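> I need the structure of the sequence given here:
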Amino acid sequence: MVTLKHVADLAGVSTSTVSRVVSGKNVVAKELREVVEKAIKQTGYTPNINARALANKNSGAIGLVTPDLSLAFFGTLAAGVIDAADDLGVLVDICNAKGVTKDKLNSVNALKNRGFHNVILDELHCDERKIIKLCKEIPGLVLINRFIPQIASRCVCIDNTTGGFAAASYLIENGHKKIAFITSNSDIPDPLERINGAKQALNQAGLHSENCLVIKSPPTIEGGRLAVHELLAQPEKFTAILAYNDNMATGAMNELQDSGYNVPEHISVVGFDDLAISTICRPSLTTMHYPIREMAAYAVKLSLELTAKDIKQVNKTHRFVPTLVERKSVKHIN
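Got it, this is the predicted structure:
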């Protein structure tokens, strides 16, 4: 079967460009449109009517409202949405709100006023009541990276508690009994959920979790450096660090090595997210894989399904489980 990608490859353009031409909207330059139309004729491509009918009540577009796209995590999220939408012949309108809740809500309302019935929203700080109200106004609104029980069927999120449990269990299995935590100082549930999961693993192993070192800092590379600097000033000893994310873990390893500690010979480090930085830092970082691309693709399909059918899946949840990626930053000790 001929797809958008076949046409895009022949025309030497992106699938998004082909999708715009197919949609009939006058947003593609005349010369480029002619090239695409020629490729469509040569390949015999026929738009997938079912997929197009699935989208936005035939509007053929989905909105993504997300924080700062210059950050790798949210860039990966956007890429996952675009790829999934391209496969369905659906356009994506991205609103980069730079992490400001007010800007995100303004962006959602702007999309609604433009007739968008499908919106994917990444918002952690907004009052739950406002999000629930938006769901009543936008039939295909899906909340990603956050869980609100009243709209569970609209939430695509990750199981942070299970992720924290798995990360700590891996360290315990490798002989580590004294684990320090460096976590985000952001006022969101994720940091606490991950630490609670890790402490459950410690308690299950018969270790005392109440006395663990916990340092809060900005969830950045510099934040990781600052957190480890503070950790090293404490009298308590530790053999491993469990970081809130890969950026903090990378900063932690840099600070440890600058302070004369080798990773993992002296202190082991585990991150969370599995960003590209985890493979290029030295040593490469053992981390929890956050399936953000998969979650983004799932969110696209869920949003389109919500507007294609009159369904109410009140009791259905969409929770993904992170998985451990073992690399070189953890040492097995006796």
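
> Report the residue ranges of every domain in the protein.
Split into domains by automatic domain parsing, the chain comes to 1-47, 50-158+293-319, 160-290.

> Highest mean neighbour count out of these?
domain 160-290 (a mean of 20; mean count of other Cβ atoms under 10 Å). Just so you know, the C-beta spots here come from the backbone N, C-alpha and C atoms, and that holds for glycine as well.

> Surely V28 and S19 touch.
No: using Cβ atoms under 8 Å, V28 makes no contact with S19, being 9.9 Å away.

> Next, the contact list for Y261, please.
I267 (Cβ atoms under 8 Å, 6 or more residues apart in numbering).

> can you list the domains of the chain in CSV and add distance to V325 and mean pLDDT?
Putting the domains of the chain into CSV (distance: least, Cβ to Cβ, whole Å; pLDDT from 0 to 100) gives the following:
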stretch, distance to V325, mean pLDDT
domain 1-47, 29, 80
domain 50-158+293-319, 14, 87
domain 160-290, 5, 96
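
> now for the ones you listed, which one comes closest to K331?
K331 lies closest to domain 160-290 among those, at 3.8 Å (Cβ to Cβ).

> distance of R154 from L121?
According to Cβ to Cβ, to the nearest Å, R154 and L121 sit 9 Å apart.

> likewise M295?
From M295 to L121 the distance is 13 Å (Cβ to Cβ).

> shared neighbours, those two?
Taking Cβ under 8 Å, 6+ apart as the contact rule, the neighbours common to M295 and L121 are I144.

> isn't L91 right next to S19, touching?
Yes: assessed by Cβ under 8 Å, L91 is found in contact with S19 at 5.7 Å.

> joint contacts of R154 and L121?
Both R154 and L121 are in contact with 141-143, where contact means Cβ under 8 Å, 6+ apart.

> Looking at the residues you listed, spot the one nearest I82.
Nearest member of the shared contacts of R154 and L121 to I82, counting by Cβ to Cβ, is V142, at 15.4 Å.

> What residues does that closest one make contact with?
V142 sits next to 119-121, 154-156, 299, 302-303, 306 when contact means Cβ under 8 Å, 6+ apart.

> Please produce TSV containing the residues you listed, extended by secondary structure and distance to A97.
Shown next, in TSV, are those (DSSP: H, G, I helix; E, B strand; the rest coil; distance: Cβ to Cβ, whole Å):
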residue	secondary structure	distance to A97
V119	strand	12
I120	strand	13
L121	strand	10
R154	helix	19
C155	strand	19
V156	strand	18
A299	helix	17
L302	helix	21
S303	helix	18
L306	helix	22
